[in-house]
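**Q** Here is my input; please provide its structure:
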Amino acid sequence: MHPHTYPNRFSNTVIGYLNLLTLVASIPVIGAGLWLAHGSSATCESALQVPLLTIGFIVLLVSLAGFIGGCYHVTCALWLYLLAMLLLVVALLGMTVFGLAVTAGGGGRQVPGRPYREFRVTDYSAWLQKHVEVEHFWRPALACVVGSRACSKIAAWTPLDYLQHNLTPIQSGCCKPPTSCTYSQGVPIAPQDDDCYRWNNAPNILCYQCNSCKAGVLEQVRRDWHNITILNVIVLVILIAIYSCGCCAFRNARRAESEYPYRVNRMSKINPRWDYFWSRWWNGQREQLY
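**A** This next block holds a predicted model:
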């Protein structure tokens with residue numbers, strides 16, 4: 001038998017199993033988004049509920065279309081699947097490039113003799129600097145900082161602890177004054193950084209209104225975005241591989257319908273389409289009614 005007599009079903013089977021896995025994987029993503037939607041508004045994770053729900057539902061719908069189209073040779077479903085996959089690849093590529101551009105810079109400056117770093121707003125990209133100055137962004141971000149109780153974890157630290165232990169960007173910028181500040185009986189000595197004057201030892205004030213606090217938030221955002229960008233690159237490679245396999249499945253489905261109509265009709269009697277039994281049951285119910 002000639003090798004081109006029948007369409008190759010390998011790519012269809014592969015894309016069916018791949019999309020079955022992504023279909024199952026989208027369920028915990030959606031569940032996590034729903035759980036965060038009912039969480040406390042003071043936690044930082046609550047801001048991730050919309051992206052998680054959006055990504056989860058998109059992956060669910062796209063995987064479902066790819067599974068149906070790849071396994072049951074539904075050309076229309078495969079066409080919609082390839083279109084959605086192309087849009088996802090383009091959108092993810094744009095997000096990746098944007099994330100790389102935004103997260104450039106930053107990283108903080110090592111404090112001499114200390115294990116932690118301190119951060120400045122001017123070290124970050126112009127987009128992030130402008131973003132942190134907007135009140136409707138900074139207000140919930142500050143609520144997130146206060147709600148995380150990062151400062152209460154180091155409230156009992158001694159000067160020796162600051163020499164031995166590292167600090168998170170939030171703790172370094174929001175929970176203490178800059179290391180360069182010099183005080184005499186709680187009053188800054190000589191002209192110093194403006195944050196030295198904004199600092200207050202009260203637990204509800206601390207350095208929450210300091211520029212160093214904004215820089216600490218930006219550094220945390222930069223680190224999170226950097227990790228997400230790495231994840232986006234991995235997902236992007238996987239999506240391109242699945243998209244290539246989907247193109248093969250689409251070509252096979254079209255070939256089965258156009259170049260081999262006799263075989264398709266003959267094989268459909270042995271392996272009926274996915275909607276065959278549903279149509280047969282529905283027609284039987286209609287005959288019983290009428």
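
**Q** Every contact and neighbour count from this point should use C-alpha atoms.
**A** Will do.

**Q** How many residues are close by residue 206?
**A** Counted with other Cα atoms under 10 Å, the neighbours of residue 206 add up to 18.

**Q** dump the residue contacts of residue 163.
**A** 113-115 (Cα atoms under 8 Å, 6 or more residues apart in numbering).

**Q** most neighbours, which of the residues you listed?
**A** Among those, residue 114 has the most neighbours (other Cα under 10 Å), with 15 neighbours.

**Q** Give me the secondary structure label for it.
**A** When classified by DSSP: H, G, I helix; E, B strand; the rest coil, residue 114 comes out as coil.

**Q** re the thing from before, nearest to residue 179 among the contacts of residue 163?
**A** When the contacts of residue 163 are compared for distance to residue 179 (Cα to Cα), residue 114 wins out at 9.4 Å.

**Q** do you know how far that closest one is from residue 159?
**A** 11 Å (Cα to Cα, to the nearest Å).

**Q** And for residue 147, the neighbour number?
**A** Neighbourhood size, residue 147 [other Cα under 10 Å]: 15.

**Q** so it is in which element?
**A** Following DSSP states H and E, one finds residue 147 within helix 135-148.

**Q** That helix - contacts with which helices or strands?
**A** Judged by 3 or more Cα pairs under 8 Å, 6 or more residues apart in numbering; DSSP states H and E, helix 135-148 is in contact with no other helix or strand.

**Q** for that helix, which positions count as buried?
**A** Judged by neighbour count (16 or more other Cα atoms under 10 Å), helix 135-148 contains these buried residues: 140-142, 144-146.

**Q** what's downstream of it, the next helix or strand?
**A** Following helix 135-148 in sequence order, the next helix or strand is helix 159-164 (DSSP H and E).

**Q** just the helices in this protein please.
**A** Here the chain has its helices, by DSSP state H, at 10-37, 49-72, 75-102, 126-133, 135-148, 159-164, 169-174, 194-198, 211-258, 261-270, 276-289.

**Q** Could you identify which of those helices has the lowest mean pLDDT?
**A** When the helices of the chain are ranked by mean pLDDT, helix 261-270 comes last with a mean of 46.

**Q** give me the number of residues near residue 229?
**A** Residues within reach of residue 229, counting by other Cα under 10 Å, total 21.

**Q** What of residue 64?
**A** Residues near residue 64, counting by other Cα under 10 Å, number 20.

**Q** is it true that it touches residue 17?
**A** No: between residue 64 and residue 17 there is no contact under Cα atoms under 8 Å: 11.1 Å.

**Q** burial of the closest residue in space to residue 199 that isn't next to it in sequence, as a residue count?
**A** Among residues not flanking residue 199 along the chain, residue 207 sits closest, at 4.8 Å (Cα to Cα, 6 or more residues apart in numbering). By other Cα under 10 Å, the residues close to residue 207 number 27.

**Q** Kindly report the same for residue 168.
**A** Around residue 168 there are 15 residues (other Cα under 10 Å).

**Q** Now for it: which residues touch it?
**A** residue 116.

**Q** got a pLDDT number for it?
**A** Listed pLDDT for residue 168 reads 92.

**Q** Could I get the phi/psi values of the residue nearest to residue 199?
**A** Backbone geometry at residue 207, expressed as degrees, to the nearest 10, gives phi -120, psi 30.

**Q** Next: residue 125.
**A** Main-chain torsions, residue 125, degrees, to the nearest 10: phi -60, psi 160.

**Q** now do residue 105
**A** Per degrees, to the nearest 10, the backbone of residue 105 is at phi 90, psi -170.

**Q** OK, contacts around it?
**A** Applying Cα under 8 Å, 6+ apart, we find residue 105 in contact with 123-125.

**Q** So it versus residue 126, what's the distance?
**A** From residue 105 across to residue 126, the span is 10 Å (Cα to Cα).

**Q** Residues contacting stretch 224-233, please?
**A** Stretch 224-233 is contacted by residues 92, 95-96, 99-100, 103 when judged by Cα under 8 Å, 6+ apart.

**Q** Need the buried ones from these selected in ChimeraX.
**A** The following ChimeraX line selects those of the contacts of stretch 224-233 that are buried, judged by 16+ other Cα under 10 Å:
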select :92,95,96,99,103
